[in-house]
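1. Sequence and predicted structure are below.
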There are 2 protein chains.
Amino acid sequence: MNKSDLKDYAVVGKPIRRVDGPAKVTGKATYAGDLLLPGTLHGKILRSPYAHARILNIDYSRAMKLHGVRAVVTGRDFPGVRYGFMPQTRDQLPMATDKVKHYGEAVAAVAAIDEDIAEEALDLIDVEYEELTPVLTIDDAMKEGAVIIHDHMDTNIAASSKMHFGDVEKGFKESDYIREEKFTTQRVSIGFIEPHAVIVNVDNSGNVLIQGSKQSPYITWRHFCRAMDLPLGKVRIINPYVGGGFSGKHEALDLDFAAAALSKKTGFPVKIVLSQDEVIAAFKQRHAKHVEIKIGMKKDGTLVACECKMIAEGGAYASVGPFNIVIFATSGLLLPYRMSHFKYEAHRVYTNKPWCGSVRGQSIPIARFAFESLFNMMIDDLGLDQLEVRKKNSILSGESTINKMTVGTAGMVEAIEKLGEMIGWDGRKKKKAPYRGIGIACSPQVSGARMGGHFGSSAVVKVDEDGGVCLIHGGTEIGQGCDTVLAQMAAEVIGVPVEEIRQMEEDSDVAVLEAGMFSSRCTFWAGHAVKRAAEDACQQLAEIAAPLLEASKDDIVFKNKTVFSRKNPGRAIAFIDLVRNAYYTKGQPIYGRGSYSASNIPMPDLKTGEGDVTNAWAFFAQAVEVEVDPETGRVKVLKSVCTRDVGRPINPMLLDAQLEGGTVFTSGQALYEECCFDEKGRPLQNSFLDYKMPTVMEAPENEHFDIITDDPNGPFGAKGAGEGSNGTTLAAIANAVEDAIGVRIKDLPITPEKILAILKQRR
Amino acid sequence: MNKSDLKDYAVVGKPIRRVDGPAKVTGKATYAGDLLLPGTLHGKILRSPYAHARILNIDYSRAMKLHGVRAVVTGRDFPGVRYGFMPQTRDQLPMATDKVKHYGEAVAAVAAIDEDIAEEALDLIDVEYEELTPVLTIDDAMKEGAVIIHDHMDTNIAASSKMHFGDVEKGFKESDYIREEKFTTQRVSIGFIEPHAVIVNVDNSGNVLIQGSKQSPYITWRHFCRAMDLPLGKVRIINPYVGGGFSGKHEALDLDFAAAALSKKTGFPVKIVLSQDEVIAAFKQRHAKHVEIKIGMKKDGTLVACECKMIAEGGAYASVGPFNIVIFATSGLLLPYRMSHFKYEAHRVYTNKPWCGSVRGQSIPIARFAFESLFNMMIDDLGLDQLEVRKKNSILSGESTINKMTVGTAGMVEAIEKLGEMIGWDGRKKKKAPYRGIGIACSPQVSGARMGGHFGSSAVVKVDEDGGVCLIHGGTEIGQGCDTVLAQMAAEVIGVPVEEIRQMEEDSDVAVLEAGMFSSRCTFWAGHAVKRAAEDACQQLAEIAAPLLEASKDDIVFKNKTVFSRKNPGRAIAFIDLVRNAYYTKGQPIYGRGSYSASNIPMPDLKTGEGDVTNAWAFFAQAVEVEVDPETGRVKVLKSVCTRDVGRPINPMLLDAQLEGGTVFTSGQALYEECCFDEKGRPLQNSFLDYKMPTVMEAPENEHFDIITDDPNGPFGAKGAGEGSNGTTLAAIANAVEDAIGVRIKDLPITPEKILAILKQRR
């Protein structure tokens, strides 16, 4: 990033250290597992040992006789309650009633005076099951005469989507070169460090207080209220610190419902902290996908048409799957390259495995993996330059896609150019050694998606009578740097140091509107709201300052804790004196409010796929260098270079961290991870010992560069960016492996076994 | 109250049941003593056994050796820290350092893993004292060569005040009848049921969380921050339910400082719950007062001049005493009767007794006791009609006092007339029996006093996306009905039922500006802020409704959960639909804000006594009937009739309860209570067994009537009123006792011993 790009900002764009750092590194940060309320009981959940079975009877009379047990609840305590992410598929129950549909599904829960007693009581609950044939694969699910998982349906297809823009047949006719391939991606676990945890209190007026480890507490809140048929005002959700989310902690979960029901039954708060084995074996995972993709291009590399069929294996419940296969998958195909013809078909199928839904990057990494892999193969087939072809096809600022997604600024071309410079591209990078390879990939990243009705963000900036600033927003600090970035924006507007901005935990009674923390929303959406709230507070103060400074209120500047007119900067008043004047002379509290909804953009049409979910897209180019060990087949990612147009990074250091994290996270799917099940649908992994995720030992060296484009729709020009490298890393690694060993592996993960088999075959 | 006076209000003016009732009667309400945080330690305070002594040494090494003790703090842990209510007299220390100045003053505090160990550790702290002569009475304090309590002073007079309006000498010359008397009132305890309690956590960034039993949490907050030299933003105070305050729980107290220091030292939250014996023996009491008063009147009863000298014995620290003797005492003399000449002198003296400050009604009850007693005697002396003379002198709407206190509406005349009607007054009420008597008294009540800088109130009304309403205000529900009255006002504006308004506990990070709950402020100040915040929310909604209803936004009406134009009431939209439109179509959260500061009224001049602390005064007339038992000397209050101009009561049922409570409370000072000390200044009472307060068994029958005057300065016409009967009851009982036995008792309490002595002497 050039220094000249820094404008006149005091803190925006600066690599400020994270505001939540001290609390976290000293162990003082309070997580859900640390919380206690007077009289707290401890809950445990009994989970199904079968992937598919009918529940014939549950007898918990022996459990209730155990000393210290206070209550047991089962699915019968939730009559008629169904919930789920999408209005069209509310297929989830707080606890199974008639049937369990995946291993680890909740069937009962116990509250006791301590955790050990609750655990012991689980063994005293007698559940009679009748085993059913489990449906475990896409083929199982879609074949003629398949076992049907949801009794009310006559198919295992939860949702389907078809769309067609332009005329794909015509496009392929006009193409000089067409190629079609099939890629498969596997189920992976999310792998946050803090397991799900919650403490719930239901008071005798039926008011519910939920404090849990929630990535998007307002999603949990809305899900819970809708499921339990409660007005939002009867439920208050307050969020403690969260130990990672990666899209795994949006929804209301079985433990939330169980704790609430147990609290209501006992009259005491109930706390449930899951173990990692419950989380890994029974909770949300990333969809496994079959992707058939066909691309047509001119012989100069110009992209003409793309056709894609995607089938997502999503486990027992639909979650956000139907949205995922429509919006995120297609936007990950339709950007960042211009194309005139596009045809798409997708199905999201049920199986008797843990449910799948949103996971860091949503479907964009899968779509980009398929597209950039095939694209790369075709460019090579045609003997063209990988970078030049990508540049040639890249969308430009102000263009829109064939399905009417509007791009504000797009620095894709410049990002690719800079990437070439940074990796010393010269048609093709010279191999440093045998079994080394470079892979390139590009990706768009949505700046936060609008989802359904409650899509906005809002914030309040309260200035204390002694000049302190309290920022109240709905953004959740899940490690991504939300609190730091939002504090920077507020500090920039108000002209005070970041350290003087304090922030409250999210509290549904206080914050006013927030959709949640997903799809790289925070900086763009919550950032807009915070900026506007801070501006509103300054506006109120400017009105008081204007007569004191004999200036127009529109000329008032807030900077370095002083306030002055831009026309006469020499005459300034201290910020604190202005605030005191407001409070003590005018008797006026300073309470700024702001919100953002992008309501000018129409919601995308889920049937046709036309429209957009946001009004800004960020762009990423990544090159990774890998080394393959021909003896072991092991792939090592040596280096990652990422160039990016995020409009303007509010905190480039935190963005680097997000993107480096995203690269490591996604390299797990590329190389190591896969959720495995036995023939009965029982998971084979239930801890991070069995389930290999990349650690810092597998992290590559990283380099970054910002193309500053100052998106006019973004706060301080910023676009959403946190998941950007998730979109590029899968394909970049796959392309690099091919570059290293000369053979394309199309099914993930690229394990040593697969590589050794190829190398063996070739010898 | 006439039905015709109810205007078109849906809930304002209605006797709605208290919203905090269910939580309180079912025991579910959480008080400070119920709170726990993870790792909470328990604190106890070591208190001085001497009223006046020098501390020579404190050795707590033995205490630290006790298993389970985590920390001990003493005055040395608060270097340079001084605090107090008034800027001019910050004479209080968190714990005594060199000298203890009253029995029970804190000298050390212990934090341990449980209360018993903390208690045991107190006995292991060795404090070496050198006893000093205690100063116990006004005479002790003011005599030549008195022992000086505060080393930095050369007198025991904490503050003095003199004022003179008109020309008192001239006034007396013009009077036909002058009489002068001396009255004395005693120290009384406050007597709230819930003892002081707090839990404090200081995190490793130095952020302090205080949750305690606080009547005015923002006063505690400001005191604590100022004392500890912390920005307000470093301290967050959240208030649980409070078990009564009566002005006893405004300030930061020794336990708050002790818990904070212990938490900082140990790294864990520290909870301290006092015992009633600590509260009764060592905490705030009402000043004892000597009042010399001289009144001059015409022979037709017209009041001409008044001169008054008041000396307040206030214990070891000044607290709010200096303000008390200036503002409340004089406004309690200058209203509710018109007078042209007024002279006043007051002194507030230190003694070695527990400190005195604000107590329910402040100095108004004492001022009215003296004035209405002497006034009554003089009216009788002249053979005039008690009611007629009071009516003749009563101030009228729109008049102002000689010191420029402005009266908006004044229904004093009508209140007295109605009182006469209700008690069957006919020049003098016929005695029903020997030893029965009727006493009359009138009083003004301030509608909340502005004090110092931070005098305002503010509120936020947040409308949820499903139409629920969250009301955030700084008012504290201390039993007075604050939450109910404020909910009624918000409900009235928004047109929803009171049950649909939910309220948050006070939280300094959320609420924006509140002075505190004192001097009957809540309805008037917080009420204004709540009404404005609700109106602001409706204004935002009206802008959205106007085009939908094809109406002007100024014509939009919110009523019965529907919204319509007053010009076309037939065409309405449901409130919930309008809210959904705001959130889901416009993406606009509804967040109304409001504040009130009465900043148009200049602060009173503490030197001259000119000016006013509020812009509305309520007026009360009370008649009590007593029966004296000539055998035992015991006085029984049989009946109380109270007529009142409170502008418009928002909830007449809760106001009745406040005034009945005030009558019973004040009858304790009139008849039963006195804090007694031995010759060393050690209290003789330390429980409600030793200290006799009136209970429901002593409560009289009550009748009430409202004179509706709709004060233009009040929200919905309302004025502050909760302490109204405190102003009348002392004098009314004293006047009734004289009526019953024919002799005036001028020193309180009117005990059976005093009456028997008089009856015996007369026989």
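-> Nice, I can see it.
2. Just the strands from the stretch 501-650 of chain A, written as ranges.
-> A:501-503, A:556-559, A:562-565, A:568-574, A:590-596, A:617-628, A:635-645 (DSSP state E, counting those that start in this stretch).
3. Parallel or antiparallel, list what pairs with the shortest one.
-> Partner strands for strand A:501-503, per DSSP bridges, with pairing direction: strand A:469-473 (parallel).
4. Now the next helix or strand after the strand it pairs with: buried residues?
-> Downstream of strand A:469-473, the next assigned helix or strand under DSSP states H and E is helix A:482-494. Neighbour-count burial for helix A:482-494 flags A:482-494 (criterion: 16 or more other Cβ atoms under 10 Å in any protein chain shown). Just so you know, the C-beta spots here come from the backbone N, C-alpha and C atoms, and that holds for glycine as well.
5. Now for these: which two are most distant?
-> A:Cys482 and A:Ile494 (18.4 Å; Cβ to Cβ).
6. wait, what's in contact with A:Asp605?
-> Going by Cβ atoms under 8 Å, 6 or more residues apart in numbering or on different chains, A:Asp605 touches A:Gly611.
7. oh, I was asking about A:Ile590
-> A:462-463, A:537, A:540-541, A:579, A:582-583, B:512.
8. Show the pLDDT at the closest residue to it other than its chain neighbours.
-> Nearest residue to A:Ile590, sequence neighbours excluded (Cβ to Cβ, 6 or more residues apart in numbering or on different chains): A:Val463, at 3.9 Å. Model confidence at A:Val463, given as pLDDT, is 95.
9. Tell me the spacing between A:Val463 and A:Met422.
-> With distances taken as Cβ to Cβ, to the nearest Å, A:Val463 is found 44 Å from A:Met422.
10. Number of residues surrounding the residue lying closest to A:Lys271 once chain neighbours are set aside?
-> Ranked by Cβ to Cβ, 6+ apart and with sequence neighbours excluded, the top spatial neighbour of A:Lys271 is A:Ile199, at 4.1 Å. Neighbour count of A:Ile199, defined by other Cβ atoms under 10 Å in any protein chain shown: 26.
11. list the helices and strands the helix or strand harbouring A:Ile199 packs on?
-> Using DSSP H and E, A:Ile199 falls within strand A:197-202. For strand A:197-202, the elements it packs on are strand A:208-212, helix A:254-266, strand A:270-273, judged by 3 or more Cβ pairs under 8 Å, 6 or more residues apart in numbering or on different chains; DSSP states H and E.
12. how about those in a markdown table, adding mean pLDDT, mean neighbour count and distance to B:Gly468?
-> Shown next, in a markdown table, are these (pLDDT from 0 to 100; neighbours: other Cβ atoms under 10 Å in any protein chain shown; distance: least, Cβ to Cβ, whole Å):
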| stretch | mean pLDDT | mean neighbour count | distance to B:Gly468 |
| --- | --- | --- | --- |
| strand A:208-212 | 97 | 24 | 13 |
| helix A:254-266 | 98 | 25 | 18 |
| strand A:270-273 | 98 | 28 | 25 |
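13. Quick one, which of the ones you listed gets closest to A:Leu748.
-> A:Leu748 lies closest to helix A:254-266 among the helices and strands packed on strand A:197-202, at 29.5 Å (Cβ to Cβ).
14. what does that closest one rub up against?
-> Contacts for helix A:254-266 (Cβ under 8 Å, 6+ apart): A:41, A:43, A:45, A:70-71, A:73, A:77-78, A:81, A:94-95, A:105-106, A:109-111, A:196-202, A:206, A:208, A:210, A:212, A:220, A:224, A:227-228, A:269-272, A:274.
15. contacting residues around the residue lying closest to A:Thr133 once chain neighbours are set aside?
-> Once flanking residues are discounted, A:Thr133 sits nearest to A:Val147: 4.9 Å by Cβ to Cβ, 6+ apart. A:Val147 sits next to A:52, A:132-135, A:140 when contact means Cβ under 8 Å, 6+ apart.
16. now the angle from the host helix or strand of A:Val461 to helix A:482-494?
-> Secondary structure from DSSP H and E places A:Val461 in strand A:457-463. Going by axes from the mean of the first three to the mean of the last three Cα atoms, to 10 degrees, strand A:457-463 is angled at 60 degrees with respect to helix A:482-494.
17. tell me which helix or strand of chain A sits lowest on mean pLDDT?
-> helix A:321-323 (a mean of 81; mean pLDDT, DSSP states H and E).
18. Beyond it, next helix or strand please.
-> Next along the chain after helix A:321-323, taking DSSP H and E as the criterion, comes helix A:329-334.
19. just checking, A:Cys442 is part of a helix?
-> No. According to DSSP: H, G, I helix; E, B strand; the rest coil, the state of A:Cys442 is strand, so it is not within a helix.
20. I figured A:Ile55 hits A:Tyr129, correct?
-> Yes. Here A:Ile55 reaches A:Tyr129: they are 6.1 Å apart, a contact under Cβ atoms under 8 Å.
21. what's the overlap in contacts for the two?
-> When contacts are counted by Cβ under 8 Å, 6+ apart, the set common to A:Ile55 and A:Tyr129 consists of A:Val100.
22. neighbour-wise, which of these two wins?
-> A:Ile55 (22 against 18).
23. roughly how far apart are that one and chain B?
-> Distance from A:Ile55 to chain B, counting by Cβ to the nearest Cβ, to the nearest Å: 34 Å.
24. helix, strand or coil for the nearest residue to A:Val579 once chain neighbours are set aside?
-> Leaving aside its sequence neighbours, A:Val579 sits nearest to A:Gly467 (Cβ to Cβ, 6+ apart; 4.8 Å). Counting by three-state DSSP, the backbone at A:Gly467 sits in coil.
25. check contacts around A:Gly467.
-> So A:Gly467 contacts A:496, A:500, A:561, A:575-576, A:579-580, B:231 (Cβ under 8 Å, 6+ apart).
26. Quick check: PyMOL command selecting the buried ones in those residues.
-> Selection of buried members from the contacts of A:Gly467 for PyMOL, criterion 16+ other Cβ under 10 Å:
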select buried, chain A and resi 496+500+575+576+579+580
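27. domains of chain A?
-> Domains of chain A are assigned by automatic domain parsing as A:3-28+A:456-596, A:32-132+A:196-273, A:285-450+A:612-762.
28. Minimum distance to B:Ser667: which of these has it?
-> Closest to B:Ser667 of the domains of chain A is domain A:32-132+A:196-273 (Cβ to Cβ; 35.2 Å).
29. Point out where chain A drops to low pLDDT.
-> Along chain A, segments meeting pLDDT under 70 span A:1-7, A:429-431, A:452-454, A:512.
30. Mind naming the longest helix for it?
-> Secondary structure assigned by DSSP state H gives helix A:527-549 as the longest helix of chain A.
31. Just the buried residues of it, please?
-> Those would be A:527-538, A:540-542, A:544-546, A:549, for helix A:527-549 by 16+ other Cβ under 10 Å.
32. repeat for stretch A:409-425
-> So stretch A:409-425, judged by 16+ other Cβ under 10 Å, has buried residues A:409-420, A:422-423, A:425.
33. And the contacts of stretch A:548-555?
-> A:539, A:542-543, A:545-546, A:556, A:563-568, A:571-573, A:578, A:581.
34. Kindly recompute the last result at 6 Å.
-> Under the contact criterion Cβ atoms under 6 Å, 6 or more residues apart in numbering or on different chains, stretch A:548-555 has outside partners A:542-543, A:546, A:565-567.
35. Could you do stretch A:441-450 as well?
-> Identification of contacts with stretch A:441-450 by Cβ under 6 Å, 6+ apart yields A:335-336, A:368, A:372, A:390, A:519-521, A:524-525, A:613-614, A:616-622, A:719-721, A:723-724, A:727-728, A:731-732.
36. run the last query once more with 7 Å
-> Stretch A:441-450 is contacted from outside by A:327, A:331, A:335-336, A:364, A:368, A:372, A:390, A:412, A:416, A:519-521, A:524-525, A:598, A:603, A:613-614, A:616-622, A:719-721, A:723-724, A:727-728, A:731-732, A:735, using Cβ atoms under 7 Å, 6 or more residues apart in numbering or on different chains.
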